[in-house]
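A.B. asks: dropping the sequence and predicted coords here.
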Amino acid sequence: MGIKRGVSLYSYQQTQFFKKMDWKDMIREVHDNLKTDGIEIIDEATIRDYPFPSEQFIYDFRNYMARYNMKAVTMDIYLDVHQFRDHVMNHREAAERLKSDIRLAAKLGFANVRPLCLVPIDVIEMALPTAEKYNVRMGKEIHAPLPIFKGNKEQPKSGMASALDFRMAEQILELADRTGSKHVGLIPDFGIFQHSPSQVAIDYAKRHAKNPEVIDWILENSRDYTLDEMPVILDEKFPGHGLDGGTIERMSLHEMSGNPEDLKKIIPYIVSMHGKFYQMTEIPGKPGQYEDKAIDYETPMRILRENGYEGYIDSEYEGQRDQQDMGYENLPDEVEEVRRHHEMLKRLSEG
Amino acid sequence: MFDQYLIRKDSLYNVVEDGKVTGFKFAVRIADYRGCFLSLHNGYYINCDGVEYPRELQRFEINGKPPRTFEEIKTCVWEHWNYDDEGWVYVTKEGGLAPGKHVIGLQQSILAQYGYMPWDEEWVKNPPVPGSGAGSGKTAAICQFELELQE
């Protein structure tokens, strides 16, 4: 058994955008070159005419997966509360979208769905009977800047972190324990083990900053200020710097949001995992071995291995978007990035 | 995302309706890694050669249907813009564009979200006006394109 490897087709979003590969090409890449079987999809990227695909699409997808003996691990699902435009979707309506997605996942043969970390816990609970009925597990994502457990962490008042509930994982554990259901759990994303901004994000920020020195200043001084303090000090030191809040937040990253040790307590609840990464570079002195310099994979992978995690880690390559402001010749090769990621996943799974 | 690729380079045309040149059009893709419910599409910030063309002068063609205003698009709550598909943006401008090169600044507005946000009720009453960055989805920058008018 041991840790299993998969790929979220999210990783090939740019290749799909330019119509170099379709979902069938991607599945063959995973099968033929990565020598593994786990497939994860973004519903609104892979499913033609979501949320009402044709019967032909559903049959074609299941047939193609069967042809190569692949495993439909997780379908990533969303919550767009402005769909109806004349009102904000209420929680019962949000639960209807979740239930519809669960039924769709079941039709396509997926074992799990991944609701986002911002989906309210009562919405998850309303959909639980549907998840049970269709035997699809809901794994709520633990996405940066969320911790696994809140512990002593202060919840920031600004930026993305302010909209997230740092007790999210605890709420899920409580729901699973209270109902005794195996159909609700967690999908931790390795992005919670990112400890510094990736080089591709730094380069993008500098290309678009009025004054790239401000980016350097943030990188050098981010340890000394909280997320709430940083924009204030920047306005003082560099009036008119023009950086938006999202860029400041990304460049200020200097510690992991998740503590790898906390994985031990949630392993029984993990539905699958997202292997977020931005750029795989060769480890100096180790030809053919790769790492992402911004994310700690070694520590969490060791803890998962030692504590008997036997689920999937699905690659989720995200560095491409920071390089799409340049010409074709500068676009990264998603297929190569994911191959390098799987070199690492395979090596670290074996210990 | 897809900053330099949101408009297809060879897609700028004048629009002829009932024998008159009524404006121009170009082909766009979604600035995201997923498609969206069409109702979420909230128009564009468009600046062509220094002139801004607000949402009221824009129409959007997708899914094999004639170009629709963004007031109509807003009501398409069960229709989907597939990630793979190109849409056409129509801009009303009497007489269209002159032959030659044109510089277009573009920001796409799609009210896609990952859940509930503090501004939700405000956006129902007053949807963001494209250009500020609010509601711009995954590409907040105003992206610049130099395009040659096609024959």
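C.D. replies: Thanks, I have it. Numbering: from 1, shown residues only, chains lettered A, B, ... in the order given.
A.B. asks: which helix or strand contains residue A:316?
C.D. replies: Under the criterion of DSSP states H and E, residue A:316 resides in strand A:312-317.
A.B. asks: adjacent strands (with direction) for that strand?
C.D. replies: strand A:4-8 (parallel), strand A:273-277 (parallel) (DSSP bridges).
A.B. asks: tell me the most buried of the ones you listed?
C.D. replies: Most buried of these by mean neighbour count (mean count of other C-beta atoms under 10 Å in any protein chain shown) is strand A:273-277; its value is a mean of 28. In short, each C-beta sits where N, CA and C put it, glycine included.
A.B. asks: run through who's touching that strand.
C.D. replies: A:8, A:114, A:141, A:143, A:187-191, A:194, A:292, A:295, A:311-319, A:337, A:341, A:345 (C-beta atoms under 8 Å, 6 or more residues apart in numbering or on different chains).
A.B. asks: look through the stretch 1-150 of chain A and state the residue closest to chain B.
C.D. replies: Nearest residue of the stretch 1-150 of chain A to chain B (C-beta to the nearest C-beta) works out as residue A:118 at 2.7 Å.
A.B. asks: helix, strand or coil for that residue?
C.D. replies: In terms of secondary structure, residue A:118 is coil; the call rests on DSSP: H, G, I helix; E, B strand; the rest coil.
A.B. asks: now it. Nearest residue, chain neighbours left out?
C.D. replies: Sequence neighbours aside, residue B:115 is the residue nearest to residue A:118 in space, at 2.7 Å (criterion: C-beta to C-beta, 6 or more residues apart in numbering or on different chains).
A.B. asks: chain center to the strand holding residue A:316, what's the gap?
C.D. replies: Computed by C-alpha atoms, centre = their mean, to the nearest Å, the chain-centroid distance of strand A:312-317 equals 8 Å.
A.B. asks: how far away is residue A:166 from chain B?
C.D. replies: 15 Å (C-beta to the nearest C-beta, to the nearest Å).
A.B. asks: that residue contacts residue A:144, doesn't it?
C.D. replies: No. Applying C-beta atoms under 8 Å, one finds residue A:166 not in contact with residue A:144, separated by 11.9 Å.
A.B. asks: make CSV from the strands paired with strand A:312-317 and add mean pLDDT to it.
C.D. replies: Shown next, in CSV, are the strands paired with strand A:312-317 (pLDDT from 0 to 100):
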stretch, mean pLDDT
strand A:4-8, 98
strand A:273-277, 98
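A.B. asks: rebuild those as TSV, extending it with distance to residue A:156.
C.D. replies: What follows is those, written out as TSV (distance: least, C-beta to C-beta, whole Å):
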stretch	distance to residue A:156
strand A:4-8	28
strand A:273-277	20
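A.B. asks: spell out which parts of the stretch 151-300 of chain A neighbour chain B.
C.D. replies: By C-beta under 8 Å from any C-beta of the partner chain, the residues of the stretch 151-300 of chain A that approach chain B are A:163, A:208, A:244, A:246.
A.B. asks: now name the helix or strand holding residue B:106.
C.D. replies: strand B:101-110.
A.B. asks: go through that strand and flag the buried ones.
C.D. replies: Neighbour-count burial for strand B:101-110, counted by 16 or more other C-beta atoms under 10 Å in any protein chain shown, picks out B:102, B:104-110.
A.B. asks: same question for stretch B:76-91.
C.D. replies: B:76, B:79-83, B:87-91.
A.B. asks: next, the distance between the ends of that stretch.
C.D. replies: In stretch B:76-91, first residue to last residue: 20 Å (C-alpha to C-alpha, to the nearest Å).
A.B. asks: tell me the mean pLDDT over it?
C.D. replies: Averaging pLDDT along stretch B:76-91 gives 98.
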